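Novice: below: sequence and its predicted model.
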Amino acid sequence: MEHPADTEITDLFIIGGGINGCGIARDATGRGLSVALAEMNDLASATSSASTKLFHGGLRYLEYFEFRLVREALIERETLLKAMPHISWPMRFVLPYHKDMRFESDTPTSKLLSLFMPWLKGRRPAWLIRLGLFMYDHLGGRKILPGTATLDLTGATVGAPLQDRFTKAYEYSDCWVEDSRLVVLNARDAEARGARIMTRTQVVSATSEDGIWCVETRNNESGETKAFRARMLVNAGGPWVGDIIQSKVRLNSREGVRLVRGSHIVTRKLYDHDKCYFFQGADGRIIFAIPYETDFTLIGTTDSEHGNPSKKPVCTPDEQDYLLGFVNQYFKQQLTRDDVVWTYSGVRPLYDDGASSATAATRDYTLKVETSAGAPVLNIFGGKITTYRRLAESAMEKIGEHLSLSKGKWTAGVPLPGGNFPVDGGGRLVADLQSRFPFLSDFWARRLVRAYGTEAAVILGDAEQAVDLGRDFGATLTEVEVGWLMTHEYARTAEDVIWRRNKLGLRLPAEQTQALDDWMAQRRHSTPEAAVCGIRRRT
């Protein structure tokens, strides 16, 4: 390992390759800073690939009076849609209403109503839901997304899967997002602008010498150690933000993180339309049921305390039963664990604001700069995927107090790789792709466009038939696509490909997954320099 004094000084060293770390890397590099980012696993390997996959304002946060957060998120939905129409698209949400809907007992709204309208006994009146949706429609200056409508469920397509007792619903707009692809595309764009992105690279220690951070890293695959010097650190460690403060940077900070586990289940497709459901439970909580990957339905999420960030979060049997019991209050088809085809769980690193429950803990982000070590470090707590770009802008305001920036805010509406087409242009892009490559099925073409946008045609190159794309790994995944993911999108293993770059793990049996993993390992070993050092082709 080279001596730290011999290394070039980087402006910003970012710890963590989730959405916050990669979003800040992109913004900072575009403002003229030199940036290095280290992620100990794959990009988006923790919280940022385990969300409910929504760009949404957070309708339920209105009950907690988090108006700033909701307004910021609502404005961001349309800003983000314009920059990534391949991985994000509008969706309509159906909120069935019945008179027994209830608040969570510890929300500010429920406390006020209990005080001034005790006869409601914790129930959510229809007028209050409509008021919340009115605010949801107007807080963010909506221009693209349609507003709220009232539905008669009797005889309606969206009413067919629901129990007959539901006759009325409200329908409003939010947006889908491919969360882990969002992270990778931010990292790619940051790298294209000059950032150094290092995956499978753990920060061993960070110490301050003469106002400069000396950072030691270790590659988790090769064991190689390296030294970096940086003028400022960004701790975007997500669930590990507290551990980094204590054991890597070794600061005596009073700020705390509250780890909240959110779990989801996936079932076979439960209904035949493309709208989502927003369900409210007898306990006051809400969950979503969302069309997922064409042939499945995504149901979530839970809110449970999670003690140790190094303990892998899993959807427990109790959480599965909770989610199944929740939707069984709404759907005619009664679900059991036998209907669950996959589960996933992530840990949200919320700022510890002393809330009484995991559900009540703030989803807003908190940014704290510490200088007690002799050099500045920015610690990031909380945040939600919808506001990642605004969080990055807020982080740059903090960073700008310590480092000179050559440019102001710039990321709003600037397309991510593959996103340079109109918000409503996805269908045309699919048709054009099939016209150019007639061997593509509807599913295959749509999957490629929703992953790569305008880059889908670049990946397919001059192929005239499917065999020109090399080995077929199953479920429309080919050697050409996997090669692209390894050289352009930091993928190293089959898990990276089929659970984060796409969700083909839902369709590939174990033997095909193993064959893919073996092929990728062989490719890595045949090109060790590119595999270990992170050298990749530019587009």
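Specialist: Structure received.

Novice: contacts and neighbour counts: CA atoms only from here.
Specialist: Fine.

Novice: show me where the stretch 401-539 of the chain dips below the pLDDT cut-off.
Specialist: Residues of the stretch 401-539 of the chain meeting the criterion pLDDT under 70: 528-539.

Novice: which parts of it are helices?
Specialist: Assigned helices in the stretch 401-539 of the chain, in chain order: 426-436, 442-452, 456-460, 479-488, 494-495, 510-526, 528-533 (criterion: DSSP state H, counting those that start in this stretch).

Novice: ok, which of those comes nearest residue 240?
Specialist: When the helices of the stretch 401-539 of the chain are compared by Cα to Cα, helix 494-495 sits nearest residue 240, at 21.6 Å.

Novice: what are the contacting residues of the closest one?
Specialist: Outside helix 494-495, the residues that touch it by Cα atoms under 8 Å, 6 or more residues apart in numbering are 513, 514, 516, 517, 520.

Novice: wait, the fourth one touches residue 491, no?
Specialist: Spelled out, it's residue 517. No - in this structure residue 517 lies outside contact range of residue 491 using Cα atoms under 8 Å: 11.0 Å.

Novice: among the two, which residue is more densely surrounded?
Specialist: Per other Cα atoms under 10 Å, whichever of residue 517 and residue 491 has more neighbours is residue 491, with 23 against 18.

Novice: for the more buried one, which non-adjacent residue is spatially closest?
Specialist: Counting by Cα to Cα, 6 or more residues apart in numbering, residue 485 is the residue found nearest to residue 491 once chain neighbours are left out, at 5.5 Å.

Novice: so how many other residues sit close to the one you found?
Specialist: Residue 485 has 17 neighbours, counted by other Cα under 10 Å.

Novice: and it, what does it touch?
Specialist: 491, 497, 501.

Novice: which residue is nearest the centroid of this structure?
Specialist: residue 179 (3.3 Å; Cα atoms, centre = their mean).

Novice: was I right about it contacting residue 47?
Specialist: No - using Cα under 8 Å, residue 179 makes no contact with residue 47, being 9.6 Å away.

Novice: can you give me the strands for the stretch 301-450 of the chain?
Specialist: Ranges of strands within the stretch 301-450 of the chain are 304-305, 340-351, 366-370, 377-381, based on DSSP state E, counting those that start in this stretch.

Novice: cool, the stretch 1-150 of the chain as well?
Specialist: Assigned by DSSP E, counting those that start in this stretch, the strands in the stretch 1-150 of the chain fall at 9-15, 35-38, 54-55, 88-97, 149-152.

Novice: so how far is the second one from its chain's centroid?
Specialist: Yep, that's strand 35-38 we're talking about. Its chain's average C-alpha position is 20 Å from that of strand 35-38, according to Cα atoms, centre = their mean, to the nearest Å.

Novice: can you dump the C-alpha atoms of stretch 464-473 in CSV for me?
Specialist: Taking Å, rounded to 0.1, in the frame of the first residue of the first chain, the C-alpha atoms of stretch 464-473 are listed here in CSV:
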residue,chain,number,x,y,z
GLU,A,464,-30.1,-9.9,-36.5
GLN,A,465,-31.4,-12.9,-34.5
ALA,A,466,-31.4,-14.0,-30.9
VAL,A,467,-28.5,-16.4,-31.4
ASP,A,468,-26.3,-13.3,-32.2
LEU,A,469,-26.6,-12.3,-28.6
GLY,A,470,-24.6,-15.3,-27.4
ARG,A,471,-25.5,-17.7,-24.6
ASP,A,472,-29.1,-17.7,-23.5
PHE,A,473,-29.2,-17.8,-19.7
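
Novice: in that stretch, what counts as buried?
Specialist: Going by neighbour count (16 or more other Cα atoms under 10 Å), the buried part of stretch 464-473 is 466, 469, 471, 473.

Novice: which residue sits closest to the third one, ignoring its sequence neighbours?
Specialist: Nearest-residue entry for residue 471: residue 479, 4.9 Å, with adjacent residues in sequence omitted and distances by Cα to Cα, 6+ apart.

Novice: any chance of a markdown table for the helices of the stretch 401-539 of the chain, columns distance to residue 403?
Specialist: As requested, the helices of the stretch 401-539 of the chain are exported to a markdown table (distance: least, Cα to Cα, whole Å):
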| stretch | distance to residue 403 |
| --- | --- |
| helix 426-436 | 40 |
| helix 442-452 | 35 |
| helix 456-460 | 38 |
| helix 479-488 | 30 |
| helix 494-495 | 38 |
| helix 510-526 | 38 |
| helix 528-533 | 28 |
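
Novice: so for residue 415, which of the ones you listed sits nearest?
Specialist: When those are ranked by distance to residue 415, counting by Cα to Cα, first place goes to helix 442-452 at 12.3 Å.

Novice: give the buried residues for the closest one.
Specialist: Within helix 442-452, the residues that count as buried by 16+ other Cα under 10 Å are 444, 445, 446, 447, 448, 449, 450, 451, 452.

Novice: distance to residue 174 for those residues - can I get that in a markdown table?
Specialist: Shown next, in a markdown table, are these (distance: Cα to Cα, whole Å):
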| residue | distance to residue 174 |
| --- | --- |
| 444 | 26 |
| 445 | 25 |
| 446 | 21 |
| 447 | 21 |
| 448 | 23 |
| 449 | 21 |
| 450 | 18 |
| 451 | 20 |
| 452 | 22 |
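
Novice: re earlier: got the contacts of residue 485 as TSV, with distance to residue 163 columns?
Specialist: Below are those laid out as TSV (distance: Cα to Cα, whole Å):
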residue	distance to residue 163
491	44
497	39
501	37
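
Novice: quick one: low-confidence parts of this protein?
Specialist: Those would be 1-6, 60-65, 100-125, 127, 254-255, 353-363, 528-539, if you go by pLDDT under 70 across the chain.

Novice: what number of residues lie near residue 268?
Specialist: Residue 268: 16 neighbours (other Cα under 10 Å).

Novice: was I right to think it contacts residue 338?
Specialist: No - counting by Cα under 8 Å, residue 268 does not reach residue 338; the two are 10.5 Å apart.

Novice: report the separation between residue 522 and residue 496.
Specialist: 16 Å (Cα to Cα, to the nearest Å).

Novice: same thing with residue 294?
Specialist: Distance of residue 294 to residue 496, computed by Cα to Cα: 21 Å.
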